[in-house]
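Novice: no letters, just coordinates:
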């Protein structure tokens, strides 16, 4: 059992400025994971490898992120979160700079792994925001911070698609490194201190993850739902550049980046979803999220070869994925506060392992049966999420505070 520290520690006030700062940082940090997706076709040509091989590098960066979630994010329960965030931002800046100088696919893949491992600051920020927020407004605060994270996921594709087209993929990662450097300076002066919730050793902290997952059915089901939904999301965005460069569209990385702007609509809905969770509860909001995501893939399958159909599908998918994500995270943050960093680490590790699997299978199914195969894959993932959601015991769902 955790040895909980007795603390005479007063929480810092969670001001609107601090929430905005956390949101912006989440956006910039999360963007590191997605710069490559609109550029996969370009990178395939640059490194002289197939779409399946370059798809592996897209998978590796998310596996790296999952590793960071499992072995680094839980440290937020035992160390000062401000220090952890700043240290990880420094590591991220160095990893991004190294990746920009990759000269072959091996070094690019290795660099992608380290970028993934070090880009976990936004998840520590979500935990810190949940810790500082009042219980009655926790969904709204998490939604606000996650809005930044989700906007970063979408705008990263627009940014890299445009910059990569005109200046090369290396410049994308060099600019990203500079942005992280600026954040380090700002956070050094603005981010408040926080008190750890446990005095466990690191070894016991990591070994406790298995029992935490076994003993919390809400965490298990939320993790599976999050993993399968993000797998479908990653499968779509990983293969979009291949669809746009096919004879059906004859477009490139810049077009994929511009389409990512449409996904911002879904990211902006995150704060709204947080408020709905506070009022209506997790089960209601998650049902909406899964339904919208399923509708998005049906739209891709039936209308994806027409630009307006592709746009409608992107809006539906983005709204659904972000709504489900906020629902899941708001729910697991109502669990025992002593485990908060570990709960978030476990959940997001499943989430990005799902994303890694989706990225790889998306590229594989594209090579196997084209766009129809990708759509069937996405629908399959959504069915798993829906079955998990609807068959579990509703009595285990925690109502909003």
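Specialist: Nice, I can see it. All values derive from a computational prediction rather than experimental measurement.
Novice: skipping adjacent residues, who's closest to residue 223 in space?
Specialist: residue 350 (3.7 Å; Cβ to Cβ, 6 or more residues apart in numbering). For every residue, glycine as well, the C-beta is placed using N, CA and C.
Novice: how far out from the middle of the chain is the lengthiest helix in the chain?
Specialist: Counting residues, the longest helix found in the chain (DSSP state H) is helix 340-391. Here helix 340-391 shows a centroid-to-chain-centroid distance of 13 Å under the convention Cα atoms, centre = their mean, to the nearest Å.
Novice: quick thing: my sequence starts at 55, can you match it?
Specialist: Sure, I'll start counting at 55 from here, so that last one is helix 394-445.
Novice: and that helix, what does it pack onto?
Specialist: If contacts are counted by 3 or more Cβ pairs under 8 Å, 6 or more residues apart in numbering; DSSP states H and E, helix 394-445 sits against helix 105-125, helix 175-186, helix 256-268, helix 271-298, helix 336-357, helix 361-386.
Novice: pLDDT (mean, whole number) over that helix?
Specialist: For helix 394-445, the per-residue pLDDT values average out at 90.
Novice: what's the angle from that helix to helix 271-298?
Specialist: Going by axes from the mean of the first three to the mean of the last three Cα atoms, to 10 degrees, helix 394-445 is angled at 80 degrees with respect to helix 271-298.
Novice: related to what we said a few turns ago, got a markdown table for the helices and strands packed on helix 394-445, with mean pLDDT too?
Specialist: Putting those into a markdown table (pLDDT from 0 to 100) gives the following:
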| stretch | mean pLDDT |
| --- | --- |
| helix 105-125 | 83 |
| helix 175-186 | 81 |
| helix 256-268 | 86 |
| helix 271-298 | 91 |
| helix 336-357 | 92 |
| helix 361-386 | 88 |
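Novice: and of the ones you listed, who's closest to residue 445?
Specialist: helix 271-298 (9.3 Å; Cβ to Cβ).
Novice: does residue 379 touch residue 200 like I think?
Specialist: Yes: using Cβ atoms under 8 Å, residue 379 is in contact with residue 200, at 6.7 Å.
Novice: that older thread, for the residue nearest to residue 277, give me its contacts.
Specialist: Taking Cβ atoms under 8 Å, 6 or more residues apart in numbering, we find residue 404 in contact with 277, 278, 280, 281.
Novice: burial count for residue 334?
Specialist: Neighbour count for residue 334, taken as other Cβ atoms under 10 Å: 14.
Novice: how about the strands in the stretch 105-254 of the chain?
Specialist: Here the stretch 105-254 of the chain has no strands by DSSP state E, counting those that start in this stretch.
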